[in-house]
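Chemist: Generate coordinates for the sequence data below:
(one chain, ligands or ions: 1)
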Amino acid sequence: MLSRVLIANRGEIALRIIRACRELGIESVIAYSEADAGAPYIQYADHAICIGPGAAAESYLNIPRIISAAEVTNADAIHPGYGFLAENAHFAEVCRGCRIEFVGPSPEAMARLGDKVSCKALARSSKVPVFPGSDGAITEEEEALEVAQKIGYPVIVKASAGGGGRGMRIAQNEAALKAGLKAASQEAQAAFGNGAVYIEKFLEHARHVEVQVIGDKHGNAVHLYERDCSVQRRHQKLIEEATGPGIDSKKRDDVCKAAARLIKSAKYAGAATVEFLMDHKQNFYLLEVNTRVQVEHPITEMVTGVDIVGTGLKVAGGDPLPFKQREIKVNGHAMECRINAEDPTRNFAPSAGTIERFETPGGLGVRLDTHCVPGYRVPPNYDSMIGKLIVHAEDREACMRRMARALDEFHIGPIKTTIPLHRELMENESFRKGGVDIHFLERLLKS
Ligand code: ADP
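Modeler: So this is what the prediction gives:
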C-alpha cells in the first residue's frame, strides 16, 4: 500500500486524486505552480509544495522539479493525473530510477501502447480489430500509393508519435496522398521529433466508442464497459455517456473484451482507455490507447460503482484488482458535460478571469467534479475546463432530463462557459435519438 502520494497536476483532477487518497488513508502532497498558489483545492491535501512559475514547462512539465518535490516531501509515489506528464514514458522511467512509484503503467507497457505503430502491431496479434492500412511506418511514396490502392480512398496519413490531432492528413486521391505524406511527416517531425507516418482507411461517419479498462501487476485485466464520446469539437470531447446508446449487446461484448485483451497482452497495470471508431454497422476499429485516467472516467464510476482513481492507487501499491470481470455490472445511464471557460457564441474563445457567481446544482444523481468556488480566478495558463457536470439516472431518457434540470440550476458569471450550449444540446433531436457521429457538433455549429 502506498503511504504518501505526490500529485503532479492541478485543478479538478488534482482534487479528485486528493479525495481518493483521503478515503484510502494515503497522505497526499499537492505540487502546485505559482499560478495555482492559493487555489482552494490545495487546502484539502495533507501537504503542499510549490514547484515553479505558471508556465507549464517550468512546473507541471518540469521533471527535475517534480522529482525533487517528491524527494523533499518523502513521497513514495507520484500520480500524474491526465495531460502534462501522464503519458511520458521517460518520466515514468525517471520515477523508477529514483525508486518512486509512478501511479500508472510501467514505462515498457506505456511505450508498447503509446506508440501508434507498435500499438497497432500488438492489437493485430491480440485479435483486436484495426483499420486496414500499412503494416508499419511508411518511408516510400510508392509503398503508400500501393497500400492506398489496395484499401481504397479516402485514406488518412497519421504520425506514429501523434497526439492532439497533429500530423494527420486525409487524402481522397493519389495527388492528395503524395502531398499529405510530406505535410504530415514534416508536421510530426516538428511536433514530436519523429517524422514516421503510416496510413489507414479513413472512416467517414464514425462514432467514438472507448472502453475503460484496468489491469494489475499480477496479470489481471478487467473492462468496465464502454463510453460514447462522439460529441466533439476539434477532437475535443464535450459530452460523454456510459454506456454507448444503441450498441447491441453482442457488439458491446466484443469491443469490451477486445480492449481487455489488448491491455492484458501489453502487461499493463493501472487504468487505461482503449479508443475505437465505430461505423454505422457497429464494426469497430482501434484508434489509440490512452495510458492514464481520463477526464470522463466518472461516468463509468457512476454506472459500475467502481472507484477508478482509488483502484488505480491500490494497484500501484501492488494490490490485485479487488473485483473480477463477472462482478462488473452496469446500472442505469450516466452522462458528463464538460464545463469550459469558453464563449460558444464567439467561436469558443477562452474566457479566463474571476468567477464571481458560482451557484452549483445538486439533488439525486448529480455529481459535480470541480475545483472552482465563488471568487476563484481561472488562470490563463492552462486548459479551459473548469468542471464536469455528471448525472446518473435509470435510463438515457431520464439522464437527459436530469442533466437539463441540473444545467438550469448551474450559474457561472461573469465569465462565459459552455453551459448554454449543453442546455441546447439536451433538446437537440439528433442527440436525443442517440448515436450521433463525431462530426455532428461541427455540422450543428456551422448551420
Ligand atoms: P490523436 O492522438 O492525434 O488525437 P487519433 O488517432 O486519436 O489522434 O485521431 C484523432 C481523431 O482523428 C479521431 O478522433 C478521429 O476523429 C480522426 N481519425 C483518426 N483516424 C481516423 C480514421 N481512420 N478514420 C476516420 N477518422 C479518423
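Chemist: gap between Ile247 and the ligand?
Modeler: Summarising the geometry, the distance separating Ile247 from the ligand, computed by Cβ to the nearest ligand atom, to the nearest Å, is 18 Å. (C-beta placed from N, C-alpha, C; glycine too.)
Chemist: so that residue, which of the three states?
Modeler: Ile247 carries the three-state label coil when classified by DSSP: H, G, I helix; E, B strand; the rest coil.
Chemist: Spatially nearest residue to it, not counting backbone neighbours?
Modeler: For Ile247, ignoring the flanking residues on the chain, the nearest one in space by Cβ to Cβ, 6 or more residues apart in numbering is Gln282 at 6.3 Å.
Chemist: And the helices in this protein, which stretches?
Modeler: Shown for the chain, the helices assigned by DSSP state H span residues 11-24, 63-72, 89-97, 107-114, 116-125, 141-151, 174-192, 249-265, 297-304, 308-316, 396-408, 419-425, 429-433, 440-446.
Chemist: most neighbours per residue, which of these?
Modeler: Among those, ranked by average contacts under mean count of other Cβ atoms under 10 Å, first place goes to helix 297-304 (a mean of 25).
Chemist: ok, back up a step: kindly tell me how buried the residue nearest to Ile247 is, as a neighbour count.
Modeler: Using other Cβ atoms under 10 Å, the number of residues around Gln282 comes to 18.
Chemist: Let me see the contact set for it.
Modeler: If you count contacts by Cβ atoms under 8 Å, 6 or more residues apart in numbering, Gln282 has them with Ile247, Asp248, Lys251.
Chemist: interface residues of the stretch 51-200 of the chain facing the ligand?
Modeler: Proximity of the stretch 51-200 of the chain to the ligand, by Cβ under 6 Å from any ligand atom, involves residues Phe131, Ile156, Gly162, Gly163, Gly164, Gly165, Arg166, Glu200.
Chemist: can you do 5 Å?
Modeler: Phe131, Ile156, Gly162, Gly163, Gly165, Glu200 (Cβ under 5 Å from any ligand atom).
Chemist: Let's see which of those end up in strands.
Modeler: When those are checked against strands (DSSP state E), the matches are Ile156, Glu200.
Chemist: right, and out of the residues of the stretch 51-200 of the chain next to the ligand, which lies closest to Glu442?
Modeler: For Glu442, the nearest member of these is Gly165. The distance, counting by Cβ to Cβ, is 13.0 Å.
Chemist: Can you give me the separation between the closest one and Ala137?
Modeler: Separation of Gly165 from Ala137 (Cβ to Cβ, to the nearest Å): 19 Å.
Chemist: ok, the two, which is more surrounded?
Modeler: More neighbours sit around Ala137 than around the other of Gly165 and Ala137, counting by other Cβ under 10 Å; the figures are 17 against 10.
Chemist: tell me the contacts of the more buried one?
Modeler: With contacts taken as Cβ under 8 Å, 6+ apart, Ala137 has the following neighbours: Val117, Ser160, Ala196, Val197, Tyr198.
Chemist: and the gap between the residue nearest to it when sequence neighbours are not counted and the ligand?
Modeler: Here the nearest residue to Ala137 in space, its sequence neighbours aside, is Ala196; by Cβ to Cβ, 6+ apart that works out to 4.0 Å. Separation of Ala196 from the ligand (Cβ to the nearest ligand atom): 14 Å.
Chemist: What residues does Ala196 make contact with?
Modeler: Contacts for Ala196 (Cβ under 8 Å, 6+ apart) come out as Val117, Ala137, Ala159, Ser160, Ala161, Ser185, Ala188.
Chemist: I'd guessed the first one sits against Gly133; true?
Modeler: No. Taking Cβ atoms under 8 Å as the definition, Val117 is not a contact partner of Gly133, at 10.5 Å.
Chemist: what's the overlap in contacts for these two?
Modeler: In the contact map built from Cβ under 8 Å, 6+ apart, the residues linked to both Val117 and Gly133 are Tyr198.
Chemist: re earlier: format the contacts of Ala137 as TSV; extra columns: pLDDT.
Modeler: Shown next, in TSV, are these (pLDDT from 0 to 100):
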residue	pLDDT
Val117	88
Ser160	88
Ala196	92
Val197	94
Tyr198	94
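Chemist: And the residue nearest to Ile247, how close does it get to Gly362?
Modeler: For Gln282, the distance to Gly362 under the criterion Cβ to Cβ works out to 37 Å.
Chemist: before we move on, what about Gly353?
Modeler: For Gly353, the distance to Gly362 under the criterion Cβ to Cβ works out to 25 Å.
Chemist: Compare those two (neighbour count), which wins?
Modeler: Looking at Gly353 and Gly362 with other Cβ under 10 Å, you find the greater number of neighbours at Gly353, namely 14 against 9.
Chemist: domain ranges for the chain?
Modeler: Each domain of the chain is listed here as a residue range: 4-103, 132-201, 207-446, per automatic domain parsing.
Chemist: on that earlier part again, ok, of the residues of the stretch 51-200 of the chain next to the ligand, which one's closest to Thr273?
Modeler: The nearest one, if we look at those relative to Thr273 and count by Cβ to Cβ, is Gly163, at 14.1 Å.
Chemist: ok, the closest one - how many residues close by?
Modeler: Gly163 has 15 neighbours, counted by other Cβ under 10 Å.
Chemist: now Val103
Modeler: Around Val103 there are 30 residues (other Cβ under 10 Å).
Chemist: what's the answer for Glu394, then?
Modeler: Glu394 has 12 neighbours, counted by other Cβ under 10 Å.
Chemist: which residues sit in contact with the closest residue to Ala316 other than its chain neighbours?
Modeler: The shortest distance from Ala316 to any residue other than its chain neighbours is 4.3 Å, reached at Val103 (Cβ to Cβ, 6+ apart). Going by Cβ under 8 Å, 6+ apart, Val103 touches Leu2, Val5, Ala77, Ile78, His79, Pro80, Gly270, Gly312, Leu313, Ala316.
Chemist: at 7 Å instead, please
Modeler: Under the criterion of Cβ atoms under 7 Å, 6 or more residues apart in numbering, the neighbours of Val103 are Val5, Ala77, Ile78, His79, Gly270, Gly312, Leu313, Ala316.
Chemist: Report pLDDT for Gly164.
Modeler: Residue-level confidence at Gly164 comes out at 75, pLDDT.
Chemist: again but with Gly167, I slipped
Modeler: 87.
Chemist: Please report how far it lies from Val157.
Modeler: 8 Å.
Chemist: ditto for Ala77
Modeler: For Ala77, the distance to Val157 - Cβ to Cβ - is 39 Å.
Chemist: Over to Cys98?
Modeler: According to Cβ to Cβ, Cys98 and Val157 sit 39 Å apart.
Chemist: now do Val147
Modeler: For Val147, the distance to Val157 (Cβ to Cβ) stands at 11 Å.
Chemist: Spell out which residues are contacts of both of those two.
Modeler: Shared between the contact lists of Val147 and Val157 (criterion: Cβ under 7 Å, 6+ apart) are residues Ile199.
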